[in-house]
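*Asks:* quick one, structure for this:
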Amino acid sequence: MKIPTPKNLKSMDAQPAFALLSVMALTLSIQARAADSAAAATTGSSRTKLTDYTQLKLGENSSAKFNALLQGWSVANQTVTAKDQNFRLHRAELKLSGLVAGVVKPVFMVDPAKLIPAPGGKAVAADQMIQDLALTAVVAPGLELTAGQMKIPAMAEALDSSGELPLPERSLIARTLGDKREIGAKVAYKTSAFNASAMLSSARNITQGVENFASDVIARVEATPVSGTSAGVFGIIGGATGGGSFDYAKKGRVGLNARTTLGALQLRGEGALARDTLKDKGVDSSGWTLEAGYFVTPDLLPVVRVEGYTPNLAGSQIATAETVGVSYFFRDAYAKVQLAGSALQNLAATNGTSAYVAGAVNQEITLAVQSSI
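*Replies:* Next up is the predicted model:
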């Protein structure tokens, strides 16, 4: 794998942004270490859990909670990266959730970063920033019913919070098949060793509008036999848009994942097959991702990821990416700095988020700073 260097990168106007990120990272580090040191002096511990100021109690069984996540990144790659996108706000998630009378959980999340247009692109409609808008009813311990717009229960990596990602961006297969929010209704059951969910989805979001509330059926099951080790499967049967019947031949997804933590070592793997109908023809695609990380210290995590994606098994070339990265965490992961270098085959380097382009060969470096509450 060839890692990009300044000599073979065409877009190297990132120095000011990289300098800004370095200053931000240094400031975060100083503030975090000062806070931790002060807390450690009073508790006798070298690492402390931060006080949660984001939740407001409203009586015995009600509460309100606010969370935010900000991520900015700077990119250097072989393609021309527009200067106004070289340092960009990639995520700006603002989330308001709560608990009413111990049985109802409302959630509303927006991401204003979604309104930033691509270089040369058109203005983005304001409703694009709406991510989650749902109500959940607690039926019984571990059993919940949710209605509204939410993430579909499909690929495990797509269900992970942005704040938990070991690299700046999700894998291509997770973004393509799983990182989607749709309007529908979901039932979920969770215990310490097992969780399952099923969703009746419209296959559309608020921006697109709903034509049929029962377009896709999505199900996911995951088992955690021992702490730190889990395996899951998911499936989607769709194609019922416009009043038709559910048919895997029209639209379908199947996938599996496994992950484990062995001391400081973290291993994750996931793969999926997909079926779609384009111009009355069935198209089969597939993808996979393998990832390994090792905590050298409690704050420093080097990561290696290898992934592949084939958009049409009948004729497309496989797209592959090899990524080497490192994450440094501040204040027990409330903030982190990430650096990643990728070698891309049949993938376009597009401001840190790759896209399939047959025949393309690219290399890319991404430096990201993220903070959350």
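*Asks:* OK, contacts around W288?
*Replies:* W288 is in contact with 173, 269-272, 307-309, counting by CB atoms under 8 Å, 6 or more residues apart in numbering. Where you see a C-beta, it was placed from the backbone N, CA and C, and this is true even at glycine.
*Asks:* what about it, which helix or strand?
*Replies:* Element membership of W288 [criterion: DSSP states H and E] is strand 281-294.
*Asks:* in that strand, what's buried?
*Replies:* Neighbour-count burial for strand 281-294, counted by 16 or more other CB atoms under 10 Å, picks out 283, 285-289, 291, 293.
*Asks:* ranges for the helices of this structure?
*Replies:* Taking DSSP state H as the test, the helices found in the chain are 15-43, 83-86, 156-159, 172-177.
*Asks:* chain center to the third one, what's the gap?
*Replies:* Relative to the chain's own centre, helix 156-159 is displaced by 6 Å; criterion: CA atoms, centre = their mean, to the nearest Å.
*Asks:* and that helix, what other elements does it pack with?
*Replies:* helix 172-177, strand 252-262, strand 265-278 (3 or more CB pairs under 8 Å, 6 or more residues apart in numbering; DSSP states H and E).
*Asks:* quick one: contacts of that helix?
*Replies:* Here helix 156-159 has contacts from 151, 153, 170-171, 174-175, 177-180, 222, 232, 257, 259, 268, 270, 289, using CB under 8 Å, 6+ apart.
*Asks:* follow-up on the earlier one: quick check: angle from the strand holding W288 to strand 265-278?
*Replies:* Compare the direction of strand 281-294 with that of strand 265-278 by axes from the mean of the first three to the mean of the last three CA atoms, to 10 degrees and you get 170 degrees.
*Asks:* direction included, what does strand 281-294 pair against?
*Replies:* According to DSSP bridges, strand 281-294 has the following sheet partners: strand 265-278 (antiparallel), strand 300-310 (antiparallel).
*Asks:* report the angle between that strand and strand 252-262.
*Replies:* 10 degrees.
*Asks:* state the mean pLDDT of strand 281-294.
*Replies:* Strand 281-294 comes out with an average pLDDT of 94.
*Asks:* run the chain-centre distance for that strand.
*Replies:* Using CA atoms, centre = their mean, the offset of strand 281-294 from its chain centre is 15 Å.
*Asks:* where in this structure is pLDDT low?
*Replies:* By pLDDT under 70, the low-scoring segments of the chain are 1-53, 79-86, 118-121, 240-244, 279-280, 331-333.
*Asks:* show me the strands in the stretch 1-150 of the chain, by range?
*Replies:* Using DSSP state E, counting those that start in this stretch, the strands of the stretch 1-150 of the chain run over residues 55-57, 63-77, 87-99, 104-110, 130-140, 143-151.
*Asks:* out of those, which comes closest to K122?
*Replies:* For K122, the closest of these is strand 87-99, at 17.1 Å, according to CB to CB.
*Asks:* which helices and strands sit right next to the closest one?
*Replies:* Using 3+ CB pairs under 8 Å, 6+ apart: strand 87-99 touches helix 15-43, strand 63-77, strand 104-110.
*Asks:* does A223 touch A196 like I think?
*Replies:* No. The criterion here is CB atoms under 8 Å, and A223 misses it with A196 at 9.4 Å.
*Asks:* those two - which one has more neighbours?
*Replies:* Using other CB atoms under 10 Å, the more surrounded residue of A223 and A196 is A196, with 16 against 13.
*Asks:* quick one: the residue lying closest to that one once chain neighbours are set aside from L115, how far?
*Replies:* Spatial nearest neighbour of A196, excluding adjacent residues (CB to CB, 6 or more residues apart in numbering): V221 at 4.6 Å. In this view, V221 and L115 are 36 Å apart by CB to CB, to the nearest Å.
*Asks:* again, but for A314
*Replies:* Using CB to CB, A314 is found at 37 Å from L115.
*Asks:* which of those two has more neighbours?
*Replies:* L115 (16 against 10).
*Asks:* contact partners for the residue nearest to that one when sequence neighbours are not counted?
*Replies:* Distance criterion CB to CB, 6+ apart; nearest residue to L115, sequence neighbours excluded, is V124 at 4.7 Å. Neighbour list for V124: 114-117 [criterion: CB under 8 Å, 6+ apart].
*Asks:* let's see that with 7 Å instead.
*Replies:* Applying CB atoms under 7 Å, 6 or more residues apart in numbering to V124 gives the contacts 114-115, 117.
*Asks:* ok, now L167?
*Replies:* 303, 305, 323, 325, 338, 340 are the contacts of L167 under CB under 7 Å, 6+ apart.
*Asks:* gap between it and R268?
*Replies:* L167 sits 11 Å away from R268, going by CB to CB.
*Asks:* swap in N195?
*Replies:* With distances taken as CB to CB, N195 is found 17 Å from R268.
*Asks:* comparing the two, which residue is more hemmed in?
*Replies:* Neighbours per residue, other CB under 10 Å: of N195 and R268, the larger number sits with R268, 22 against 18.
*Asks:* partner residues bridging the more buried one?
*Replies:* Beta-bridge partners recorded for R268 (DSSP bridges): R259, E291.
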